[in-house]
Structures are given as C-alpha cells and as structure tokens.
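**Student:** Here is my input, please return the structure:
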Amino acid sequence: MKRTPGAWVHGFLGWGNYLFWTVTVGVFIALGALNPTDRLRRFGGAALSWCWGRFMWWTTPFWWRRWEGLEHLADGPFIIVANHQSTIDIPCLFGLPLPLKVSARPGIFRVPVMGRFLSLSGQVDTDRFFEQSVEALDAGISIVVFPEGSRSADGSVQRFHSGAFKLAVQTGRPILPVAMDGAQEIMSKRAYFPTALVANVKIRVLPPLVPGDDAKALSQEARQRIVDALADLRKAA
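**Tutor:** This next block holds a predicted model:
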C-alpha cells in the first residue's frame, strides 16, 4: 500500500500518543496487580478499556473510529470473534462498552514487557484457554478471540480455528461476530507505519449467534457473516 506524505505526520505524532497511553495503562495495570483480592484483574481490564479503548482514540486526531451495531451488546457476556488485520485491533475492541479479556498465544506471554503486561492485566493464555475463559465468562466478562490465529496480510478473512466455537458449544455462551476494517492503515502485518494522514477504522457488531451442538457449523456461520459485513463496510467507504 502506497504511503502518502501525511503518513509521516500521522506516524510521529500518532505513535507518540500511543506510547504515552500504553505507558499510562501499564502503570495502572501494575498498581491494580498489587491488590490480592482482584483475582480476575478487573482493575487492569478497566484501565485498558479507558486508556487504550477510549482516551487514546479521543486524543489521537489521526484515528477515526466508527461503531455500528452496539445495540447487540445487551445480553452478554459473549465470546467475541473478530477478523484480524492489525495489532491496533486490540486497543480498538477495548472500546466496546463491556468488560473484556483478550485471548493471546502463549508465546506472546513470554515476550519481555508485553508478556508481563498481558499477564498482570489477566488476559487469557491460549494454553489455558478453556479454564480461564470459563472463569471470566462466569464472572460476566466477555472474551475476545481472533479465530484466524494471526493477522491477515491482505485484509481477507482467513480460515477460522475452532477453539472459540467449541467453547461456545460447551458453555452455551453466545458468539458475537464483529467485522473490522481500517486498522491496517495504522499498522498492518507487513508495515509498522501508517499509510495516510488519517485512518478510518470501521467496526460492525453483528447479531449474536446462539450455539447449538455443532462447533464447525457455528464457525462457518460466524465467518460468513463477518465476510459479508466486511464487504459491505468496504462498499460503503
């Protein structure tokens, strides 16, 4: 993707703001982790929601975020499944108005600084995915899963892994599909710098899917809904 001259302004100022709020949320997460009664790290989750999910977006003039379908959030908690284009997808989804935890691969928990950041804020390690997810869901906390497993290099929706859908079938918790587009303009899988002065991120929350007893069919339905919604978002751009 070709980079416009304004992207350099976006990059230097936008990433400075990102660093500020990331350091700030890290301080709050560390303070919250000192509380031995906060076993589910609710304080850390609230810090992520406010610092990453709200303040960072409100104070970065180059990042525009548009929500659709928030009326579908009434009957949580949910197992939220979203397509994955950018590392910025995670701070973006923390702006949803409900308590969240994000599922991450075990290797990320071993990355210096970032791994500690995830651990102290109580995010879900896929090595203990079922156990930690059930505990969070039972406490009213929704789980975010990127079922593609990694970021899409070209923006298309890749094959879905089955973990989130097996969890839904076994727990009876609804799947909440979410289609996202535009965060790759801030940071894509193949580039760590914005491509334009302003990035327009669009998120559409789709109606929940009540699980039956077929995880594969549930996965296929969720993926198709996301694919269709993504095409619609791009058509309207």
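**Student:** How about the contacts made by C92?
**Tutor:** Each residue near C92 by C-beta atoms under 8 Å, 6 or more residues apart in numbering is listed here: G53, W57, R65, M180, A183, V201, I203. No exception for glycine: its C-beta is placed from N, CA and C like everyone else's.
**Student:** for the helix or strand of the chain with the lowest mean pLDDT, packing partners?
**Tutor:** Counting by mean pLDDT, DSSP states H and E, the chain has its least confident helix or strand at helix 106-109, which shows a mean of 75. When contacts are defined as 3 or more C-beta pairs under 8 Å, 6 or more residues apart in numbering; DSSP states H and E, helix 106-109 packs onto helix 114-120.
**Student:** residues of the helix it packs on that come out buried?
**Tutor:** Of the residues in helix 114-120, G115, R116, F117, L118, S119, L120 count as buried by neighbour count, 16 or more other C-beta atoms under 10 Å.
**Student:** Only C-alpha atoms, please: export it in CSV.
**Tutor:** Output of helix 114-120 as CSV, limited to C-alpha atoms (Å, rounded to 0.1, in the frame of the first residue of the first chain):
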residue,chain,number,x,y,z
MET,A,114,4.5,-7.2,26.6
GLY,A,115,4.1,-10.6,28.2
ARG,A,116,4.2,-9.2,31.6
PHE,A,117,1.7,-6.5,30.5
LEU,A,118,-0.7,-9.3,29.4
SER,A,119,-0.2,-11.4,32.5
LEU,A,120,-0.6,-8.6,35.0
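**Student:** how far is it from where the chain is centred?
**Tutor:** Distance of helix 114-120 from the chain centroid (C-alpha atoms, centre = their mean, to the nearest Å) equals 16 Å.
**Student:** which element follows that helix toward the C-terminus?
**Tutor:** Following helix 114-120 in sequence order, the next helix or strand is strand 124-125 (DSSP states H and E).
**Student:** which residues are contacting that following strand?
**Tutor:** K101, V102, S103, A104, P106, F109, Q132, S133, A136, I143.
**Student:** Make CSV from those and add distance to G172 and neighbour count to it.
**Tutor:** Listed next are those as CSV, based on distance: C-beta to C-beta, whole Å; neighbours: other C-beta atoms under 10 Å:
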residue, distance to G172, neighbour count
K101, 19, 27
V102, 22, 20
S103, 19, 22
A104, 24, 22
P106, 27, 12
F109, 28, 17
Q132, 18, 19
S133, 13, 24
A136, 15, 23
I143, 14, 26
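**Student:** Low-confidence stretches in the protein?
**Tutor:** 1-2, 111-114, 237 (pLDDT under 70).
**Student:** give me that answer again for 80
**Tutor:** Within the chain, the ranges that satisfy pLDDT under 80 run 1-3, 5, 106-117, 190-192, 237.
**Student:** which residues of it fall in strands?
**Tutor:** For the chain, applying DSSP state E gives strands covering 63-68, 79-82, 100-104, 124-125, 142-145, 175-181, 199-205.
**Student:** Just give the nearest non-adjacent residue to L70, would you?
**Tutor:** V205 (5.9 Å; C-beta to C-beta, 6 or more residues apart in numbering).
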